[in-house]
Structures are given as C-alpha cells and as structure tokens.
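S.K.: Predicted model and sequence follow; I will ask about them next.
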Amino acid sequence: MVGNLNHIIDQVVKDKGINRDTLIDALESAVLSAANKKFRNTRDLEAHYNPEIGEVEVFEFVTVVNEVVDSYKEIDIEEAREIDPDVEVGDSLGMMLDAGSFSRIAAQTAKQVIIQKVREAEREGIYNEFKDRVGEVVNGIVRRYERGDLIVDLGRAEALLPSREQVPRENYRQSDRVRAYISEVKISVKGPQIILSRTHPGLLISLFTSEVPEIAEGIVEIKAAVREPGSRAKMAVLSHDVDVDPVGACVGMRGSRVQNVVTELRGERIDIIPWTHDPARFACAALAPAEVSRVYIDDEDKSMEIIVPDDQLSLAIGKKGQNVRLAAKLIGWKIDIKSESRAQEEDQEEETVSSERQAAEDLFAPSPVSQEEPAVDSQEEPADTDSLSEDHEDKD
C-alpha cells in the first residue's frame, strides 16, 4: 500500500509526541476501514502492522468446510489444503490480501482515518500535558482576537485568554508576547481548551515566587493575595525564619524585586503586608498607610469597627473605597471605618438617647405604695374610781 512506514511513524512520534503504539493502532484501524469499504463488509478481515517490512498487512479469515454455503466466509477443504496441507474441517484459515488492490477512494478513507486518529492522540497528549499545569504561569505569543477573546500560541497548543480575564487598559497586537496564568484546562467538543488569566491572584503569587528566592525555598510564605486588576493589589506574607524580614525579601534591594512584578502587571500598585494571627493588628496593617486609633471586634459576626483620625479617613477608605475593600477581602472580615469625630458624635447621641430614655422611665414610673396600716388603740378607757367609791359607800 505505502512504502516503508517505519520512518514516517518515527517522524510523527517525534514531531507530535504521540505514543508509537497509539499511532500503529490508528494505522491498522485505517487500513482495516479501507479494506472493509472495499469489500463492503462482506468478509472477516484483520489488519496487522509488520515492523520488519514497514507495512500494514490485511488478512482474510475463512472457515474450512466440506461444502461451501457462504463463499465470502467459507472455503472448501480441498482448496484450503492447497494453501495449507495441514488444515482440517472447522479450522480458521487466514490469507493475506494484496493491499495494492484497494481503490483510490479506499486509500483516501484510510488517510482520513489516520489523520483523525493522529489528531485525537495529539489532543489527548496536549490535555495530559496541561491538566497538571493549572496554577502555572506560561509565556505565549498573541495570534489573533476572536470576539474580544485572545488566542495565544503556547507552542504545542493554543490557549484562550477570555475578555473577562484580561486586565482593563491592556492591549495586545499580533505577535506580542504575553505572560498569563493557567486557570483551567477542560475538554470541549473541539478538543482540550486551555484557559488563561491575567486577573487571577495566582498570577501575582506566581510572579513573586519566581522573583523571590525566599518564597521558592519556603522561607517566606504568601498567606493571601487579592487584586483589583490593573489598579491595586494587596499581599500578606509570613516569614518562617526570625532573621528574614518577609516584606523586605519581597521588596528587594531598592525595590528591584517588587518593581519587576509591577512592570509585568503594567504598573499595578502592590501593597505587601506582614501577616499576623491577631485580626486587629492584621487589619491595621492591611489599611496602611492610614493610621488607626481604635479597633472594636465582633468575633461572632466576623466584623470590626475601625476608628481613624479625621485626617486619615479618606486615606483609609481609599479611592472609591478601594483600600478598605481590598483590606476586607485580604483578612476575610467585614470592616466599617469611622472618623474619631463621627465616633464621638455617635457616642454623644447614644448617651443623650440613653439619658432621655432613663428620664422617661423615671417620669412614668408608678408611685410607691405605703405598706403601713393605721394605728389602732386597743386599750380600754380607765375606770372612774371616784364613782365606784361613791357607790360602795351608799351600799354601806
């Protein structure tokens, strides 16, 4: 059918990274499909690759009988013994067919099946390669835009950078290089789909991991990271070595390390904060550079009220509430910020309301009832001794 296939198989395996056995199975299936189409599925055929000659051989199997009923699947004993003298009735006899007798259409079918099998194997290889790379940062080349989504060439595969995962104000042209985070790898109708992201907090973490050796070695740990892509980010870090300052390690000499990350993120401002178990201290650090006066914590609702000086209120809240919003996401608590003057006004209002309430209660309280009973004179009037004496004298 085709000349020595060994060289072609070796080349495809090398270029496409396809398993050799998978490719051979695809060739055998393709040739068998072409042969069945040629003989209209009337015969019992099998295809086997012969590596010695580099060809796929097709065999027709018939059953040896005394009297032939189905000429496509049976053979007379006498005719069978001309091929194999040791054959007996009931045996299955295999005869190699001439593959060169297949028609041009059959050969084209075989070619299509081979292409399909190779494509399926290639897709499976791409999926197996990238499914374990979720969370990595990869470099690619921009190929084209499709309805706002960016198609990025990663070498062996194309990836998708959806518009929702693109940073506002970032524009790319064809052949531009782009660095992105692999957020998802899934199987679709068209094959494996690799989803990239420029907005995921994992991109920030991965960039710092590659820039800061202390993070890669596990000395410094990134506990949490939040972003508003293209504008501002906050990252909490912890050192497992008392001699290593986690914030200083991430900033680098004269800010060189953090500046490399900022450049990659196109000027996104990054706040690096020391992580602590104490939520109040953590919140104060997360709101930096604003100063904090007092913190009231509600552990049950995981919320806190933070009091700041009047001149620090706008700094603590940030532009359009960005600073406090990122701080709340970073620590995982609800944050309510108030100025000292506002807090004092509320305290005074509460005191006034409380005193008025107490006065009202005193006003409408019932009068106390006396428990004393009126005194009762239980003594009898003293007898008139003079009259008694006079009566006694008369009797005498």
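M.R.: Perfect, I can see it now. Numbers count the residues shown, from 1 in each chain.

S.K.: all helices of the stretch 251-396 of the chain, in order?
M.R.: Here the stretch 251-396 of the chain has its helices, by DSSP state H, counting those that start in this stretch, at 256-264, 279-286, 313-317, 322-331, 340-363, 385-395.

S.K.: which stretch among these comes nearest Leu161?
M.R.: helix 256-264 (15.1 Å; Cβ to Cβ). For every residue, glycine as well, the C-beta is placed using N, CA and C.

S.K.: what residues does stretch 319-332 touch?
M.R.: Stretch 319-332 is contacted from outside by 224-226, 228, 231-234, 236, 271, 273, 279, 282-283, 286-287, 290, 302, 315-318, 334-335, 337, using Cβ atoms under 8 Å, 6 or more residues apart in numbering.

S.K.: For it, buried residues please.
M.R.: Asn323, Val324, Arg325, Leu326, Ala327, Ala328, Lys329, Leu330, Ile331 (16 or more other Cβ atoms under 10 Å).

S.K.: ok, Asn66 touching Ile75?
M.R.: No: Asn66 is beyond contact range of Ile75, at 10.8 Å (criterion: Cβ atoms under 8 Å).

S.K.: what's the closest non-adjacent residue to Val292?
M.R.: Cys284 (4.5 Å; Cβ to Cβ, 6 or more residues apart in numbering).

S.K.: OK, contacts around the one you found?
M.R.: Per Cβ under 8 Å, 6+ apart, neighbours of Cys284: Val292, Val295, Ile306.

S.K.: hang on, the earlier thing: for Asn66 and Ile75, indicate the residue with more neighbours.
M.R.: The residue with more neighbours, out of Asn66 and Ile75, is Ile75; 23 against 10, by other Cβ atoms under 10 Å.

S.K.: mind checking pLDDT for the more buried one?
M.R.: Per-residue confidence at Ile75 stands at 91 (pLDDT).

S.K.: go on, Asp298?
M.R.: Looking at Asp298, its pLDDT is 91.

S.K.: check contacts around it.
M.R.: Met304.

S.K.: Same check on Gln344?
M.R.: Per Cβ under 8 Å, 6+ apart, neighbours of Gln344: none.

S.K.: Next one: it from Leu313, what distance?
M.R.: Distance, Gln344 to Leu313, by Cβ to Cβ, to the nearest Å: 13 Å.

S.K.: What count of nearby residues applies to Val244?
M.R.: 12.

S.K.: Who are the contact partners of it?
M.R.: Val244 touches Glu214, Ile219, Val220, counting by Cβ under 8 Å, 6+ apart.
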